[in-house]
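J.: predicted coordinates and the sequence they were generated for:
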Amino acid sequence: MRVLLVEDDPVLGDALRRTLVKHGHVAELVGTGTAALASVAESEPDVVLLDMGLPDRDGIGVCREIRERSRVPILAITGRGDVAARVQGLRSGADDYLVKPVSTDELLARIEAVLRRSTGGSVAGSVTIADVVVDLERRAVTAGGDDVALTRKEFDLLAALARREGAVVPRPELLEQVWGIADASAARTLEAHVASLRSKLGAREVVVTVRGVGYRLAC
């Protein structure tokens, strides 16, 4: 899992980054709101840990901008524990709130919780199509026994199809589930991600186009 850690205190930031790496995550550390927005735009992470007290931008504003651009889970971290601050953070788009100092166990548990909520709950198990295995719980994909590196949106798209077990999923439904929009003008975004999925899965016929309707898995 790729975590974007936004923390302006380099000592605390590095400690949190090392904790995340120790527990098997890929963690990118940035120290400003501007860098956080650029990172989300360039390569969307699986979750954002956002310090609300940043040197260049208001944390509330950064949170709001991330939410306007993406549905990535956001875990706000702050030194303020009052109710008003928590409510403001949640209303700006954060999925959960943590008050410093943060314990390792609570941090990891909160990350797991926001990811479960963002993927629609406790969907466990895996779906197999030929030699392709989609592990919904671990958010991992293998093809012929080899790991396949997917972006968050690519996996979300594949998972949305996998959960329907071969049934056709209409394009508007996929756009709503994966990107939070159902506008037909975003069809090219969907088509580009389908093309990328097919490329990464090689010559395997996994994602099938149902003309005029949507897509399904070749289960």
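T.: Cool, the structure landed. All figures in this text were calculated on a predicted structure; none of them were measured in a lab.

J.: residue ranges for the helices of this structure, please.
T.: 10-22, 33-42, 59-69, 83-91, 104-118, 152-162, 171-179, 187-200 (DSSP state H).

J.: out of those helices, nearest to Leu50?
T.: helix 59-69 (5.9 Å; C-beta to C-beta). The way it works is simple: take the backbone N, C-alpha and C, and place the C-beta from them, glycine included.

J.: orientation of the closest one relative to helix 83-91 in degrees?
T.: With axes from the mean of the first three to the mean of the last three C-alpha atoms, to 10 degrees applied, the angle from helix 59-69 to helix 83-91 works out at 20 degrees.

J.: which elements pack onto helix 59-69?
T.: Here helix 59-69 touches helix 33-42, strand 47-51, strand 74-78, helix 83-91, going by 3 or more C-beta pairs under 8 Å, 6 or more residues apart in numbering; DSSP states H and E.

J.: ok so, going back, just name the most buried of the helices of the chain.
T.: With neighbours defined as mean count of other C-beta atoms under 10 Å, the helices of the chain peak in mean count at helix 152-162, which reaches a mean of 23.

J.: where in the protein is pLDDT low?
T.: 116-124, 182-185, 203, 219 (pLDDT under 70).

J.: tell me the centre residue of it?
T.: Ranked by distance to the mean C-alpha position of the chain (C-alpha atoms, centre = their mean), the top residue is Asp46 at 3.1 Å.

J.: which residues does Ala162 contact?
T.: Neighbouring residues of Ala162 by C-beta atoms under 8 Å, 6 or more residues apart in numbering: Val127, Val134, Leu136, Leu217.

J.: greatest separation within the residues you listed: which pair is it?
T.: Spanning the widest gap among these are Leu136 and Leu217, at 12.5 Å by C-beta to C-beta.

J.: between the two, tell me which one has more neighbours.
T.: Shown here are Leu136 and Leu217; by other C-beta atoms under 10 Å, Leu217 has more neighbours (23 against 19).

J.: still on that earlier bit, how about TSV for the helices and strands packed on helix 59-69, with distance to Phe155 added?
T.: Output for those, formatted as TSV (distance: least, C-beta to C-beta, whole Å):
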stretch	distance to Phe155
helix 33-42	17
strand 47-51	13
strand 74-78	18
helix 83-91	26
